[in-house]
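*Asks:* task: produce atomic coordinates for the following.
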Amino acid sequence: MEHTHEELCGILNGQTGQVNWSELQRHFAQGLVIKVSTELDLIETAATIIEDDGAQVEQWMSQGKVSKVSDEDAIAWQHNDAELWSVVAAPWVLVQEQVGAKQ
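*Replies:* Prediction:
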């Protein structure tokens, strides 16, 4: 059964939580962690990816709002075991820095 966008966002909202970077490193090593800019809503972004809206995702990527986590980000997050907002949009794990959090 397919869900409406609103239903999907509700489901994803219940699956979103704060996770320390150390818990995400193995996913990063597999190339599966996607960084979402704080300019975007993490849940809406995950829903858009799940719904396979390639045009929107490409636009966000070209604007630098959605990207694979860089080595520089990973090093910085590892240094202080940063706590990030996270949600799964299989096979991807989407992460977003907390607004106002220290780098």
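
*Asks:* what sits closest to residue 49 if chain neighbours are left out?
*Replies:* residue 89 (4.4 Å; CB to CB, 6 or more residues apart in numbering). Heads up, the C-betas are built off the backbone N, CA and C, glycines and all.

*Asks:* wait, doesn't the one you found sit right on residue 43?
*Replies:* No. Between residue 89 and residue 43 there is no contact under CB atoms under 8 Å: 9.9 Å.

*Asks:* these two: which is more packed in?
*Replies:* residue 43 (23 against 20; other CB atoms under 10 Å).

*Asks:* please identify which helix or strand holds the more buried one.
*Replies:* helix 42-50 (DSSP states H and E).

*Asks:* what is that helix packed up against?
*Replies:* helix 5-14, strand 33-36, helix 54-62, strand 83-89, strand 92-97 (3 or more CB pairs under 8 Å, 6 or more residues apart in numbering; DSSP states H and E).

*Asks:* any chance of JSON lines for those, columns mean pLDDT and distance to residue 71?
*Replies:* Below are the helices and strands packed on helix 42-50 laid out as JSON lines (pLDDT from 0 to 100; distance: least, CB to CB, whole Å):
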{"stretch": "helix 5-14", "mean pLDDT": "92", "distance to residue 71": "28"}
{"stretch": "strand 33-36", "mean pLDDT": "98", "distance to residue 71": "12"}
{"stretch": "helix 54-62", "mean pLDDT": "97", "distance to residue 71": "18"}
{"stretch": "strand 83-89", "mean pLDDT": "96", "distance to residue 71": "16"}
{"stretch": "strand 92-97", "mean pLDDT": "97", "distance to residue 71": "15"}
